[in-house]
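Enquirer: Sequence first, then the predicted structure:
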Number of protein chains: 10
Amino acid sequence: MMNKELMTAKILEAKATQGVSWEGLAKAISMSPVFTTSACLGMNSLTEDKALALCETLGLDKSVAEALQVCPKKAWDGAVPQDPLIYRLYEVVGVYGDTMKELIHEKFGDGIMSAIDFTMDIEKEENPKGDRVVVTMNGKFLPYKAW
Amino acid sequence: MMNKELMTAKILEAKATQGVSWEGLAKAISMSPVFTTSACLGMNSLTEDKALALCETLGLDKSVAEALQVCPKKAWDGAVPQDPLIYRLYEVVGVYGDTMKELIHEKFGDGIMSAIDFTMDIEKEENPKGDRVVVTMNGKFLPYKAW
Amino acid sequence: MMNKELMTAKILEAKATQGVSWEGLAKAISMSPVFTTSACLGMNSLTEDKALALCETLGLDKSVAEALQVCPKKAWDGAVPQDPLIYRLYEVVGVYGDTMKELIHEKFGDGIMSAIDFTMDIEKEENPKGDRVVVTMNGKFLPYKAW
Amino acid sequence: MMNKELMTAKILEAKATQGVSWEGLAKAISMSPVFTTSACLGMNSLTEDKALALCETLGLDKSVAEALQVCPKKAWDGAVPQDPLIYRLYEVVGVYGDTMKELIHEKFGDGIMSAIDFTMDIEKEENPKGDRVVVTMNGKFLPYKAW
Amino acid sequence: MMNKELMTAKILEAKATQGVSWEGLAKAISMSPVFTTSACLGMNSLTEDKALALCETLGLDKSVAEALQVCPKKAWDGAVPQDPLIYRLYEVVGVYGDTMKELIHEKFGDGIMSAIDFTMDIEKEENPKGDRVVVTMNGKFLPYKAW
Amino acid sequence: MMNKELMTAKILEAKATQGVSWEGLAKAISMSPVFTTSACLGMNSLTEDKALALCETLGLDKSVAEALQVCPKKAWDGAVPQDPLIYRLYEVVGVYGDTMKELIHEKFGDGIMSAIDFTMDIEKEENPKGDRVVVTMNGKFLPYKAW
Amino acid sequence: MMNKELMTAKILEAKATQGVSWEGLAKAISMSPVFTTSACLGMNSLTEDKALALCETLGLDKSVAEALQVCPKKAWDGAVPQDPLIYRLYEVVGVYGDTMKELIHEKFGDGIMSAIDFTMDIEKEENPKGDRVVVTMNGKFLPYKAW
Amino acid sequence: MMNKELMTAKILEAKATQGVSWEGLAKAISMSPVFTTSACLGMNSLTEDKALALCETLGLDKSVAEALQVCPKKAWDGAVPQDPLIYRLYEVVGVYGDTMKELIHEKFGDGIMSAIDFTMDIEKEENPKGDRVVVTMNGKFLPYKAW
Amino acid sequence: MMNKELMTAKILEAKATQGVSWEGLAKAISMSPVFTTSACLGMNSLTEDKALALCETLGLDKSVAEALQVCPKKAWDGAVPQDPLIYRLYEVVGVYGDTMKELIHEKFGDGIMSAIDFTMDIEKEENPKGDRVVVTMNGKFLPYKAW
Amino acid sequence: MMNKELMTAKILEAKATQGVSWEGLAKAISMSPVFTTSACLGMNSLTEDKALALCETLGLDKSVAEALQVCPKKAWDGAVPQDPLIYRLYEVVGVYGDTMKELIHEKFGDGIMSAIDFTMDIEKEENPKGDRVVVTMNGKFLPYKAW
């Protein structure tokens, strides 16, 4: 069985060779760019039809499609990320975590925003003073069950 | 000089006594709920007029308004957050960090999303299968300077 | 506003004075022992009627009931617990984590067991070779959303 | 001597080729799915007859059966797990650890639940609002010896 | 309710005032020095009669005796101890851990030495080249349960 | 020069092939099982005659005997051990460290038990309620030098 | 696709073979020594023309030039650096961090010095008592956005 | 003896009351702003005359001047700083540490830049696209002694 | 009983008031400066006569002398020291640790330098190019016992 | 270019083959044993003539001599060393760090002992009660620059 690391390497290589973008790849399988990219990087799994469609687009064989369907064991490097782009997101969680907690509890009561029943979208907002990155997270509110 | 911890305690007490929400407090000073809450929790500073307006709304004296204007030393508990609501956000950064990096580089080139020239908005999306939390982050793209 | 630490101290003191058990306290408010105890220890919140009932049972005043309704900021000591009873549970997660992942994915597909829409029950199983602790966890399966 | 990593790889490969599930494999050797899976993942050892039966089921040779009988050196990645499914179990220990301690001491006195004289069972509970995972842990109560 | 820290402080103070040794204190309540000391330091609990006997010996009141009966939440400073006496014991576990594992598995099979059904004794062995400390640990062998 | 890892692998392989136990191997070179095992695992060094005797017993060549004589650089995995057998020993140091410190200071004065001028013995104590592991540590008391 | 580690190895080898300095290499592509070196070490990316010019200077092929244009994932060894030269810089941040914060806030208000819109220069200052290293950092001040 | 924390608190209070800036305070004692601020924050010591001059400027008594002369025990919070302004400096050390090492070795040979025989200056560079922070560090090069 | 922290505070205060140096204090009790200072800082214990002599010199009462005789629980801040003077010593251990190991094994065989049967001396070596600190450590070689 | 790890391996092999000691090797190149050993272990660099002399002594080729001249990136395993010989040195820094700070400040004023302009010597002191290791460190005192 092909592991996720090799699967990702094969996808990145085919993607570069064919000059296709993540956006293009996502469109080709009718899914969002964020989810498609995360599955290719080994952080989510695809259904069989989406996996086959992705491999067809990239000219990859069935073993890659099988690897794309495996439930991943998610992991990342280090408790505190070092790459500046990722660190800034971590910093936002540190700086605004308690604020988000206050406002979500005020609007919804005791509970959390799911990271599983969850979608994310990343857009470019053109701006004469410098373009802006717009990240939209949408997660189901899960109230704490009392029993 | 009043420190930020005492400032936050006085604001939370007055807010509870007067039964005002974070949304209401933000509206009273014509700022966003996220920024207003973060300043009250000691993670951002207010300008003098906003600080005075906030204290007037809550019936707090000038020493609190002064503390609200001080540049904060931002800090949070632990490298990995434990509260489930905040942990889920940390997990999102871990799981989707490389995905966000791929897509931002694809759309913008080499650089980062600023966490300083940055705004955040938290909304409730009603949904018959369970309401959803919608978090929108908007940060200026900063290209790496080459020299 | 009374904080959760003082709330817990007052409940433990009244509980000891009145000689009531956690089981008894839970029965008095018609909730489970696990949830009732966790709320008293500051790790969950109660609805207003349950909080008032609990305080009435223990002869505690309204400020404790208010503290019981506050959404808690959950936290625990150290990444690795030291108390032997709690460490054994941590060890079970370490030793059987991948096994649980394999079996849950086999039975349910890609997703997780919720720790929010979740209940737990602790029972004593009498056994001539030594009584046994039976812990039952029941959490909603949350499939990863693909989008 | 074959090490546990290679043993696990050979078992996973044979299991996939033959299309047998963990449940099916466990039934074939008349043991529970949790224990069988954990032994295959290298976290427990099998007796000679069970090891041979398992290898016969999967068409694996004697070297795998020998590796299955070796006392494992148990280890896991990181003090805090990152995979969301495993993290939720860790979170349960953090959030409910003191609660479990209170209730076990109340029912049994000073001591712990053994993680060695211990069994675990994982079931699917069908539910129209979403199926549920039911995890049952059963460990011998060990009273602290006083001397 | 008196907490364990105050309990220990009161015991140490009375012990110093009365000039009684740990050995003497243990003899007075007919228990071992190791267990008696560990209970006084808050790492084990005593039965009611032993707790009362200990307090009578030291001239302490009932609140100390009650605190001695509480199930302790065991904790220690730092993952790696710093005091040289305690560090040397930690080093022994590091240097000889795998050796102990090999020999215990060779003699007993797969399982562990219990730290709960466990006793310890510390003796002085007189020796012209320098006296020696003899530590004897005696723990029940617990075989891993297979199911 | 053969390193310690390869030396250990060769010894374990020969030991398995020849079906000799650690006890038997120790007897063959007239040393204790604990020391012999620890040297084979790379945590101690042997004198030339013992190293040659051990290699003769196992049918190993001179390069292994040379590696057995090298002063080892001792190291172990992680500050907190994870294998349950080794963790229990670590837990004993945590739970009883201060107790051992009190009793050793009471019997010997200010100083430590050496982990260098040190021996250890592991025995099986048969017991109808379950056999017991008896570990005896014997270390020279080293008084702190004052100057 | 060539990864950054191999790219750096090829550049270092060619640089040594050709006896060219970092200063010389930077001059050859009309960029600063700091930025050029950091790109060669895999911590920044070059534009296509600069990457091709650098490879031409060193006699390296197009695959290296492609690797130089990839947005790097920045990472470094350990939270606290160990090499003495790098540690001294870390120590400066620790010792003078709060001082820098006070003075930047005094001169600019609430905000930070960007590490992205940032340049650095390293010069040698000759001095009869011992030459001195002069490091000049120049980063855009980013005021915290309030919204 | 007044400790450094109280000394800093008294200085900050007097500085706020008198409305004097760090720059102004430094000018009043004819020292640099960076060194003066760091001494007031407890990270450096002043000579007797400078300490007395600083206290005279701020209207503080002799006990503060004495505390300013004490050799400080330097310490900072956490291995990785969290405040964004300080973190960016830490990130610069991480990202450019190896680059600085290459260039300093190229210009000076094997050795380090001293953090003790060291000065720092912070200036504001006005710029229509946004003002810039200019930090200049000047440290003596210390060659490794060979012996 | 006075604890070591209060003991140290009283000694430092009396030492400052009386204007006596550590060297002078050591001479007054006929012990070395290093050992005397370490005992006053709570890292070693004194015999009764030395403790009384020290208290007499400083005009301190018997409770301080008693505290000086207590066996200390040694501890220090953080695994990696931050104060530059102490860090440099830590760095020496890191950089030269393996070198010291090679040379001590070459001269003495397998064993260690004791940190208990150990003395240390700190001297000033005058030098026109800058005075030098000379630290002499003298520890008994302890050969590993084989058994 | 040969890296430092391979360089060290080649030196150790040649040293063993030729039966030369570290002392002998140092004498052959007219340098101290500590510095020579540290350079061979990759923790310091040699000048060209010393590197060539060392390689001639050991019969090694020019590539080793080149590697010996490279400025090393110094690093060591783990924040807290585990090998007992090295740990004892770390413990000395922990136990006596504040004492050394007090005495160096008393003798020299505010500053540090350099670990760069630094020499170390290790000698054997014969003693009928057991030979002793004498380590002498000699580092330039660096006063903190005030500016």
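Expert: That came through fine.
Enquirer: Name all residues that make contact with residue A:107.
Expert: Contact partners of residue A:107, counting by Cβ atoms under 8 Å, 6 or more residues apart in numbering or on different chains, are B:122, B:124, B:133. Backbone N, C-alpha and C define where each C-beta goes, glycine included.
Enquirer: Kindly apply the preceding question to residue A:83 instead.
Expert: Residues near residue A:83 by Cβ under 8 Å, 6+ apart: B:97, B:101, G:73, G:74, G:75.
Enquirer: so after the longest strand that chain A contains, what's the next helix or strand?
Expert: If you go by DSSP state E, chain A has its longest strand at strand A:111-125. Downstream of strand A:111-125, the first helix or strand assigned by DSSP states H and E is strand A:132-143.
Enquirer: Paired strands for that next one, with orientation please.
Expert: For strand A:132-143, the paired strands and their directions (DSSP bridges) are strand A:111-125 (antiparallel), strand B:132-143 (antiparallel).
Enquirer: Apart from its chain neighbours, what residue comes closest to residue A:8?
Expert: Spatially, and ignoring its direct neighbours in sequence, residue A:8 is nearest to residue A:42 (5.3 Å; Cβ to Cβ, 6 or more residues apart in numbering or on different chains).
Enquirer: And the one you found, how close does it get to residue J:49?
Expert: For residue A:42, the distance to residue J:49 equals 53 Å [Cβ to Cβ, to the nearest Å].
Enquirer: that older thread, can you pull the buried residues of the longest strand of chain A?
Expert: The neighbour-count check on strand A:111-125 (16 or more other Cβ atoms under 10 Å in any protein chain shown) flags A:111, A:112, A:113, A:114, A:115, A:116, A:117, A:118, A:119, A:120, A:121, A:122 as buried.
Enquirer: Looking at the contacts of residue A:107, spot the one nearest residue I:129.
Expert: When those are ranked by distance to residue I:129 (Cβ to Cβ), residue B:122 comes first, at 63.5 Å.
Enquirer: Format the strands paired with strand A:132-143 as a markdown table; extra columns: mean pLDDT.
Expert: Converted to a markdown table, the strands paired with strand A:132-143 look like this (pLDDT from 0 to 100):
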| stretch | mean pLDDT |
| --- | --- |
| strand A:111-125 | 98 |
| strand B:132-143 | 98 |
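Enquirer: Domains in chain A, by residue range?
Expert: Domain ranges of chain A: A:4-69, A:84-143, per automatic domain parsing.
Enquirer: Nearest to residue F:5, out of these?
Expert: When the domains of chain A are compared by Cβ to Cβ, domain A:4-69 sits nearest residue F:5, at 25.3 Å.
Enquirer: Could you tell me the end-to-end distance of that closest one?
Expert: 10 Å (Cα to Cα, to the nearest Å).
Enquirer: longest helix anywhere in chain A?
Expert: The helix that spans the most residues within chain A, counting by DSSP state H, is helix A:84-108.
Enquirer: remind me which residues of chain A are low pLDDT?
Expert: Nowhere does chain A drop to pLDDT under 70.
Enquirer: Close to chain G: what parts of it are there?
Expert: Contact residues (Cβ under 8 Å from any Cβ of the partner chain) of chain A with chain G: A:12, A:13, A:16, A:77, A:80, A:82, A:83, A:84.
Enquirer: can you tell me which of the residues you listed are in helices?
Expert: Residues of the residues of chain A next to chain G located in helices (DSSP H): A:12, A:13, A:16, A:84.
Enquirer: Which one of the residues in chain A is closest to chain H?
Expert: residue A:80 (5.7 Å; Cβ to the nearest Cβ).
Enquirer: And that residue, how close does it get to residue E:108?
Expert: Using Cβ to Cβ, one gets 43 Å for the distance from residue A:80 to residue E:108.
Enquirer: got it, and residue A:129?
Expert: Going from residue A:129 to residue E:108 by Cβ to Cβ gives 72 Å.
Enquirer: for chain H, what are the nearby residues on chain A?
Expert: Residues of chain A lying near chain H (Cβ under 8 Å from any Cβ): A:80, A:82, A:84, A:87, A:91, A:94, A:95.
Enquirer: Could you check the angle the longest helix of chain A makes with helix B:84-108?
Expert: 130 degrees (axes from the mean of the first three to the mean of the last three Cα atoms, to 10 degrees).
Enquirer: Now the residue nearest to residue A:8: which helix or strand?
Expert: Going by DSSP H and E, residue A:42 is not in any helix or strand.
Enquirer: returning to what we had before: only the buried subset of the residues of chain A next to chain G, as a PyMOL command please.
Expert: Here is the PyMOL command that picks out the buried ones among the residues of chain A next to chain G, judged by 16+ other Cβ under 10 Å:
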select buried, chain A and resi 80+82+83+84
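Enquirer: wait, which of the residues of chain A next to chain G is closest to residue I:68?
Expert: Nearest to residue I:68 among the residues of chain A next to chain G, with distances taken as Cβ to Cβ, is residue A:80, at 43.0 Å.
Enquirer: and stretch A:20-40, anywhere near chain B?
Expert: Yes. Using Cβ under 8 Å from any Cβ, stretch A:20-40 reaches chain B at A:21, A:22, A:23, A:33, A:34, A:37, A:38.
Enquirer: Narrow those residues to those in helices?
Expert: Reading helices off those with DSSP H, I get A:22, A:23, A:33, A:34, A:37, A:38.
Enquirer: gap between the first one and residue B:144?
Expert: Shown here: residue A:22 relative to residue B:144, a distance of 20 Å by Cβ to Cβ.
Enquirer: what do you get for residue A:44?
Expert: For residue A:44 relative to residue B:144 (Cβ to Cβ), the value is 29 Å.
Enquirer: of those two, who's got more company?
Expert: Using other Cβ atoms under 10 Å in any protein chain shown, the more surrounded residue of residue A:44 and residue B:144 is residue A:44, with 23 against 19.
Enquirer: Does the more buried one fall in a helix, a strand, or a coil region?
Expert: Judged by DSSP: H, G, I helix; E, B strand; the rest coil, the three-state class of residue A:44 is coil.
Enquirer: got a list of what the residue nearest to it when sequence neighbours are not counted touches?
Expert: Closest residue to residue A:44 apart from its sequence neighbours, by Cβ to Cβ, 6+ apart: residue A:38 at 4.7 Å. By Cβ under 8 Å, 6+ apart, residue A:38 lies in contact with A:44, B:95, B:96, B:99.
Enquirer: give me that answer again for 6 Å
Expert: A:44, B:96, B:99 (Cβ atoms under 6 Å, 6 or more residues apart in numbering or on different chains).
Enquirer: Check residue A:100 too.
Expert: For residue A:100, the contact set (Cβ under 6 Å, 6+ apart) is empty.
Enquirer: so what's the closest residue to residue A:5 other than its chain neighbours up against?
Expert: What sits nearest to residue A:5 in space, not counting adjacent residues and going by Cβ to Cβ, 6+ apart, is residue A:42, at 7.1 Å. By Cβ under 6 Å, 6+ apart, residue A:42 lies in contact with A:4, A:8, A:72.
Enquirer: For chain J, see how far away the residue lying closest to the first one once chain neighbours are set aside is.
Expert: Leaving aside its chain neighbours, residue A:4 sits nearest to residue A:42 (3.5 Å; criterion: Cβ to Cβ, 6+ apart). Plainly put, residue A:42 is 30 Å away from chain J if you go by Cβ to the nearest Cβ, to the nearest Å.
Enquirer: do you know how far residue A:42 is from residue A:34?
Expert: Distance from residue A:42 to residue A:34, by Cβ to Cβ: 14 Å.
Enquirer: Over to residue A:13?
Expert: Separation of residue A:13 from residue A:34 (Cβ to Cβ): 22 Å.
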